[in-house]
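Trainee: My questions are about this predicted structure, shown below with the sequence.
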Amino acid sequence: MKYFTPDMECAPYEKMRALQSERLTQTVRRAYESVPHYRALMRQKGVTPADIRSVDDLPKLPFLCKDDLREAYPDKLLAVPKSRVVRIQSTSGTTGKRVVAFYTQNDIDKWDECCARAIAAAGGTEDDVVHVCYGYGLFTGGPGLNGGSHMLGSMTLPMSSGNTERQMQFMCDLGSTILCCTPSYAAYLAESLINKGMRDKIRLKAGIFGAEAWSEEMRRDIESKLGIKAYDIYGLTEITGPGVAFECSEQTGMHINEDCFIPEIIDPETGETLPEGSRGELVFTTIAKEAFPILRYRTRDICLLNRKPCSCGRTLVKMGRLMGRTDDMLIIRGINVFPSQIETVLLQEGYSPNYLIVVDRVNHTDTFEVQVELTPEMFSDTVRRVAQREKNLVGVMRSMLGISPKISLVAPRTIARSEGKAVRVIDKRKI
Ligand code: DLL
């Protein structure tokens, strides 16, 4: 199967534009009528739903930022009665305030459809065995690809992350053909399979890798080690999860599911809309979501859009690989980490705010170290007490971030001070 929904994936531009305009008008009206926060934002900007008649009117709408979503915690942006909500997912967030995304059954069905399109574009059919080792739970990776695989009718292995031994065993014994995980985990699995002499026992043909930045070099490395074709997939919790955009056989960028999400590229400094083809910040408006409609969300992801005809036959616009972010968010082993979260933990635990985050990629796996200065009082502690401190900090960080750093406690005043902006992060990964 080449396309899951050919009428949408290959729709002529004009037809897609008309559908988008119709769905946008309805979404804006519903958001205005059912969400006081949107009403207030639109009033502030002097727009009413009557001003939004087509996609061309999009720039009239106010932006929505991550802070708006945090302030809306837990459910101030909910646009349907709670009785219609069947699921939530959530992001990690600073200072404990996460973004909670709500889904009706129709929202889940649409999300599954977007992920089914991604799996089909990677060559998936009902004959495939889809091995999902993105995390399950509040993270959208596992549930999203799981739903897409079900909808496609493939046999789905809900492996979740971790336990590499078991992943490899199931992969061989159940004949997994499509692997879904972060690219760094795929690279790690590839090496583990080779080291264990299991590489020839697998039947993988494709991989669907996303949730973090990766390079063409990494793609080629994973492809040759596993003997597969590796496809990129993009998404974010605020907008729905994985499947906002997906790669096809051409492997030159990801098709955005434009019947569900309207992308824009803006200048991150001025907020001005830039013409297609320009590099800038990606902004999304959802037009097919009921519970959690999102108008002009600033993703902070930098990329460019391209509408050149694609050899796969899809007419959906493509986004290129992400070129960075406009904020300080780090993505470490697929998990979003803000330096401010680490700072909050350190201050809560009685440390000074002198710390340095060092991120690297060794054998395709992210390493994550936090160097923390001891206070002069702590410095006179016994070695055993210092080791205990390190262990405690790892535990608190793990529960705050969902990932464990290596903690290195260092002597007071050994982390370099900066005269200008403090340098808190050294990211040595070459992506
Ligand atoms: O990472 C959803 C997802 C799951 C996407 C599985 C793909 C596969 P969040 O945790 O909310 O959602 O993080 C969203 O991750 O704004 C990007 O900065 C980054 N990101 C997602 N996909 C890619 C990708 C999921 N393919 C944030 N390449 C986004 C680079 C990506 N960065």
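Mentor: Cool, got the structure.
Trainee: switch to C-alpha atoms for all contacts and neighbour counts from now on
Mentor: Fine.
Trainee: Up against the ligand, what does the stretch 151-300 of the chain have?
Mentor: Near the ligand, the residues belonging to the stretch 151-300 of the chain are 210-213, 232-237, 241-242, 299 when assessed by Cα under 6 Å from any ligand atom.
Trainee: can you pick the most crowded of these?
Mentor: residue 233 (28 neighbours; other Cα atoms under 10 Å).
Trainee: related to what we said a few turns ago, for the residues of the stretch 151-300 of the chain next to the ligand, name the two members farthest from one another.
Mentor: Maximum pairwise distance among those (Cα to Cα): 17.9 Å, between 232 and 299.
Trainee: circling back to that earlier point, which of the residues of the stretch 151-300 of the chain next to the ligand fall in strands?
Mentor: When DSSP state E defines the strands, the subset of those inside them is 210, 232, 233, 234, 235, 236, 241, 242, 299.
Trainee: if we can go back for a sec, which residue in the residues of the stretch 151-300 of the chain next to the ligand has the weakest pLDDT?
Mentor: Least confident entry in these, by pLDDT: residue 213, with 81.
Trainee: surely it meets residue 322?
Mentor: Yes. The pair formed by residue 213 and residue 322 meets the contact definition of Cα atoms under 8 Å, at 6.8 Å.
Trainee: Point out where the stretch 1-150 of the chain drops to low pLDDT.
Mentor: 92-96 (pLDDT under 70).
Trainee: where do the helices sit along it?
Mentor: For the stretch 1-150 of the chain, applying DSSP state H, counting those that start in this stretch gives helices covering 6-9, 13-34, 36-45, 66-71, 105-121, 141-152.
Trainee: for the second one, packing partners?
Mentor: Yep, that's helix 13-34 we're talking about. Contacts defined by 3 or more Cα pairs under 8 Å, 6 or more residues apart in numbering; DSSP states H and E place helix 13-34 against helix 36-45.
Trainee: what's around residue 207, how many residues?
Mentor: A count of neighbours around residue 207, defined by other Cα under 10 Å, yields 29.
Trainee: closest point of the stretch 1-150 of the chain to the ligand, which residue?
Mentor: Distances between the stretch 1-150 of the chain and the ligand by Cα to the nearest ligand atom are smallest at residue 141, namely 3.7 Å.
Trainee: Tell me if I'm right that that residue and residue 147 touch.
Mentor: No. If you go by Cα under 8 Å, residue 141 and residue 147 don't touch, sitting 10.1 Å apart.
Trainee: Could you check which of these two has the larger neighbour count?
Mentor: Legend: neighbour count by other Cα under 10 Å for residue 141 and residue 147, higher for residue 141 (27 against 21).
Trainee: which residues sit in contact with that one?
Mentor: Residue 141 is in contact with 134, 135, 211, 241, 242, counting by Cα atoms under 8 Å, 6 or more residues apart in numbering.
Trainee: Relative to residue 308, how far out is it?
Mentor: Counting by Cα to Cα, to the nearest Å, the separation of residue 141 from residue 308 is 29 Å.
Trainee: swap in residue 378?
Mentor: Counting by Cα to Cα, the gap between residue 378 and residue 308 amounts to 61 Å.
Trainee: tell me the contacts of residue 370?
Mentor: Residue 370 sits next to 355, 356, 357, 358, 405, 406, 407, 408 when contact means Cα under 8 Å, 6+ apart.
Trainee: who wins for neighbours among these?
Mentor: Counting by other Cα under 10 Å, top hit in the contacts of residue 370: residue 355 with 27 neighbours.
Trainee: so it bridges to which residues?
Mentor: When assigned by DSSP bridges, residue 355 has beta-bridge partners residue 372.
Trainee: how about the helices in the stretch 251-400 of the chain?
Mentor: 339-348, 376-379, 383-401.
Trainee: The longest one and the ligand in contact?
Mentor: No. Helix 383-401 lies apart from the ligand when judged by Cα under 6 Å from any ligand atom; the minimum separation is 11.9 Å.
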